[in-house]
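Asker: Sequence plus predicted model, see below.
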Amino acid sequence: MLHQYLFEKHPVATQKFCFPSLAIRPILRDRAAEFFRSIEKGSPVTPRLDRDFLTFCDSIIHGFLLNLSLLLPTIFHRQWSRRMLASFHRHVIQLFSRILRFKRSSVLAGCLLVAGIFLSFSPARSATTLDIPKNGAYTGAYVDFGEGEDELTVEALQRFEQLAGKHQAIIACGAFWGEPGFPLRLVQIIDRYGAVPLLFWSPWGKPYTEGKPPDRFNLNSIRKGVWDGYIDRWAEDAASWGKPLLVSWGLEMNGTWFPWSGYFYNKPRKKGEKPDPHPEGPEIYKATYRYVVDRVRARGATNIQWVFHVNHSPLPIEKWNHFAAYYPGDHYADWLGMSVYGKIFWDQGWTSFDPIYLNAYQELAALHPTKPIIIAEWGVGEFPASGDKAQFLQQAFDTMRLKSPRVKAAVYWHERWQNEDGSYSNLRITSSPAALETYRRNVADAFWIGYPVFKP
C-alpha cells in the first residue's frame, strides 16, 4: 500500500499525510455511499449527481493536497509551490469531468476507483504508540504555562515554534492532583498542535508551593486507597483519549522540594544518630508508584508510556538517595528521565553542562541497558556576570548529540519567573540574542526530530 511504503520510508513526513484529514473522512464517506446507492437503484446520472460526484472528488483531492504540500518537499528534498499543487488539482478535476461524459459504467468505475483508494486508506496518525527513534532524538519544550503549568494555548506553542525555528514533537505541561481530573483540554490542544503530551502527573495540592511537607495527597494515603476514585477516573479518561501519552508521575523524588520526595518519608533521625543505609522513603515512593501505575493500567490506559523521572543531582547528597533506590522496576518504566538544570537562581554558582550531566547520565543508563532516556526538563538562566548561557546551551546540545546515545528526547524549559526576593530567573531561549541564536542553530540539526513518529 502507498501509505505503508511512505510511512516506512518517510515516517516523520507521513505523520502529516492524511488522505484526507480525519475531520472530513466521515462526511466524504457518507457522500460516496449516497452516490453509490443512487446508481444501484438505477437512477440516471443526472447533472446534479455529476456535480455531487465532482464535489466528492474535489473534497478528497483538496484534503489530499493540503497534506501533500508538506509531504513532497521531505521526500524529494525540494520546494513545491502552491501554483504547482493548484495545477495538479485542476488537471485531476478535469480528468474526472471527462470521465462523466462516458456511459454510466465508466462513471461507476471511476467512483469505485476513487472511493476504494479513499476508504481503504488508514492514516498513520491512528497508530497508538510513540516510536523510539533509531537515529536522532525528539525535540520538545515546556512553554511558560503559569503557576499550575497548565495555562496552555495553541498560539503559545506556535509562537515558540517560530522562535525556535522548529516544530516540537513533545510538549510538557503540569497535571497536578489539585486540579479536577484528567487534563483533556490540555492534551487536545497539544494534539491539535501536532505533538505528544508529556504530563507531569504530580500528587500535589494547592497552593503549589515547593519545599513544603506532604499534603493531603501524601504517599501513604494513596496506598491506603483514599484516592482510588480519582486515579480510576483519571485512568478511564486517559484510556478514552486513546492517543499516545507520556506520563511522569512523582517527578524529582530524590530532592527535597516536592511533598512526595522520599526525604519526607524517612524516619526522623535523632541527634548524633547515623543515617539509615536503607531508609523507608525510597521504598514508600516505589510502592506508591507501582500502586498508581497498576491501577491506571487496570482501567485500560495502555496508551500511556511511563517516565521514571529523577533530578540530575540528589538532595540530600547521601548514599541512600541514589537513582536506583527509587527505581520501581522495568515493568513500570518505559522511559528513563531526568531534569538537568544549570544556574537558575542568582545565589547559585555557575557550572557548565557536562559536570552536572555526564555522571547522572551514566547512573540513569545503568538502571536498564536499553530503555530510552528522555531529558524531561533542561535549561539554564541568563546571568551574564556569572557565566555564558550560550556556551552552556552549545555544550548541552553537543553532549546530548555526541556523548549520549541513549537520549531519544529532550524537553527545554522555556520560562521566566520572579522569585520571592524580587530577582528573576529567565530560562527562556530569548533571554539574550546569543542564547537564541545558539538554540536555533543547534535545534535545526536533523538530529533533532520535530514531529512525533508512531507505530502500531
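Answerer: Right, received. Where do you want to start? Because the structure is a prediction, the values reported are computed rather than measured. Numbering: from 1, shown residues only.
Asker: switch to C-alpha atoms for all contacts and neighbour counts from now on
Answerer: OK.
Asker: Next, the nearest residue to W249 once chain neighbours are set aside: phi, psi?
Answerer: Among residues not flanking W249 along the chain, W201 sits closest, at 4.9 Å (Cα to Cα, 6 or more residues apart in numbering). Dihedral angles of W201 (phi, psi; degrees, to the nearest 10) stand at phi -80, psi 90.
Asker: Same check on V196?
Answerer: Dihedral angles of V196 (phi, psi; degrees, to the nearest 10) stand at phi -100, psi 130.
Asker: quick one, what contacts it?
Answerer: Counting by Cα atoms under 8 Å, 6 or more residues apart in numbering, V196 makes contact with A169, I170, I171, I190, P244, L245, L246, P452.
Asker: So which of those residues is the closest to I304?
Answerer: L245 (4.8 Å; Cα to Cα).
Asker: Is it correct that the closest one is in contact with V307?
Answerer: No: using Cα atoms under 8 Å, L245 makes no contact with V307, being 10.2 Å away.
Asker: got the residue ranges for the strands in the chain?
Answerer: With DSSP state E as the criterion, the chain has strands at 129-130, 137-143, 170-174, 196-201, 245-249, 304-311, 335-341, 373-379, 407-414, 416-418, 424-426, 448-449, 454-455.
Asker: could you redo those as a markdown table and give each row distance to R440 and mean pLDDT?
Answerer: Converted to a markdown table, the strands of the chain look like this (distance: least, Cα to Cα, whole Å; pLDDT from 0 to 100):
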| stretch | distance to R440 | mean pLDDT |
| --- | --- | --- |
| strand 129-130 | 25 | 94 |
| strand 137-143 | 12 | 97 |
| strand 170-174 | 17 | 96 |
| strand 196-201 | 21 | 98 |
| strand 245-249 | 25 | 98 |
| strand 304-311 | 26 | 98 |
| strand 335-341 | 19 | 98 |
| strand 373-379 | 14 | 98 |
| strand 407-414 | 12 | 98 |
| strand 416-418 | 19 | 91 |
| strand 424-426 | 17 | 95 |
| strand 448-449 | 11 | 98 |
| strand 454-455 | 26 | 92 |
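Asker: Now these in JSON lines, please, with extra columns for distance to Y439.
Answerer: Compiled in JSON lines, the strands of the chain are given as follows (distance: least, Cα to Cα, whole Å):
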{"stretch": "strand 129-130", "distance to Y439": "25"}
{"stretch": "strand 137-143", "distance to Y439": "12"}
{"stretch": "strand 170-174", "distance to Y439": "17"}
{"stretch": "strand 196-201", "distance to Y439": "21"}
{"stretch": "strand 245-249", "distance to Y439": "24"}
{"stretch": "strand 304-311", "distance to Y439": "23"}
{"stretch": "strand 335-341", "distance to Y439": "16"}
{"stretch": "strand 373-379", "distance to Y439": "11"}
{"stretch": "strand 407-414", "distance to Y439": "10"}
{"stretch": "strand 416-418", "distance to Y439": "16"}
{"stretch": "strand 424-426", "distance to Y439": "15"}
{"stretch": "strand 448-449", "distance to Y439": "12"}
{"stretch": "strand 454-455", "distance to Y439": "26"}
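Asker: So for Y289, which of those sits nearest?
Answerer: Closest among the strands of the chain, once you apply Cα to Cα, is strand 245-249, at 7.3 Å.
Asker: Would you mind extracting the C-alpha trace of the closest one into CSV?
Answerer: Extracted C-alpha coordinates of strand 245-249, given in CSV (Å, rounded to 0.1, in the frame of the first residue of the first chain):
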residue,chain,number,x,y,z
LEU,A,245,0.8,10.0,26.2
LEU,A,246,4.0,10.3,28.2
VAL,A,247,3.3,10.5,31.9
SER,A,248,5.9,11.4,34.5
TRP,A,249,4.5,10.5,37.9
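Asker: Neighbour-wise, which one of the contacts of V196 leads?
Answerer: Neighbour counts for these (other Cα atoms under 10 Å) peak at I170, which has 28 neighbours.
Asker: how near is that residue to I189?
Answerer: Distance from I170 to I189, counting by Cα to Cα, to the nearest Å: 12 Å.
Asker: and if you look at I429?
Answerer: Relative to I189, I429 is positioned 22 Å away (Cα to Cα).
Asker: Which one's more surrounded, those two?
Answerer: Taking other Cα under 10 Å, I429 and I189 do not tie; I429 has more neighbours (29 against 17).
Asker: contacting residues for that one?
Answerer: I429 makes contacts with A164, H414, A435, L436, Y439, as judged by Cα under 8 Å, 6+ apart.
Asker: okay but the last one is in contact with L163, surely?
Answerer: No: under the criterion of Cα under 8 Å, Y439 makes no contact with L163, lying 9.5 Å away.
Asker: For the two, indicate the residue with more neighbours.
Answerer: Y439 (20 against 15).
Asker: mind listing what that one touches?
Answerer: Y439 makes contact with A164, A390, L393, Q394, I429 under the criterion Cα under 8 Å, 6+ apart.
Asker: Highest neighbour count among the residues you listed?
Answerer: Counting by other Cα under 10 Å, top hit in the contacts of Y439: I429 with 29 neighbours.
Asker: and the gap between it and E415?
Answerer: Separation of I429 from E415 (Cα to Cα): 9 Å.
Asker: Torsion angles phi and psi at T302?
Answerer: Dihedral angles for T302 - degrees, to the nearest 10 - are phi -80, psi 0.
Asker: Surely it and D237 touch.
Answerer: No: look at T302 against D237 with Cα under 8 Å: they stay out of range, at 11.8 Å.
Asker: Endpoint to endpoint, stretch 413-427 covers what distance?
Answerer: Using Cα to Cα, the end-to-end distance of stretch 413-427 comes to 7 Å.
Asker: ok now do T256, which residues does it touch?
Answerer: Counting by Cα under 8 Å, 6+ apart, T256 touches G211, Y263, F264, L315, P316.
Asker: Quick check, pLDDT for it.
Answerer: T256 is assigned 96 on the pLDDT scale.
Asker: count of neighbours near Y332?
Answerer: For Y332, using other Cα under 10 Å, the count is 17.
Asker: check contacts around it.
Answerer: R290, V293, W306.
Asker: can you pick the most crowded of these?
Answerer: Scoring the contacts of Y332 on neighbours with other Cα under 10 Å, the highest-scoring entry is W306 at 21 neighbours.
Asker: which residues does that one contact?
Answerer: L246, V247, S248, W249, Y332, A333, D334, W335.
Asker: how near is the first one to P405?
Answerer: So the one you mean is L246. L246 is 20 Å from P405, by Cα to Cα.
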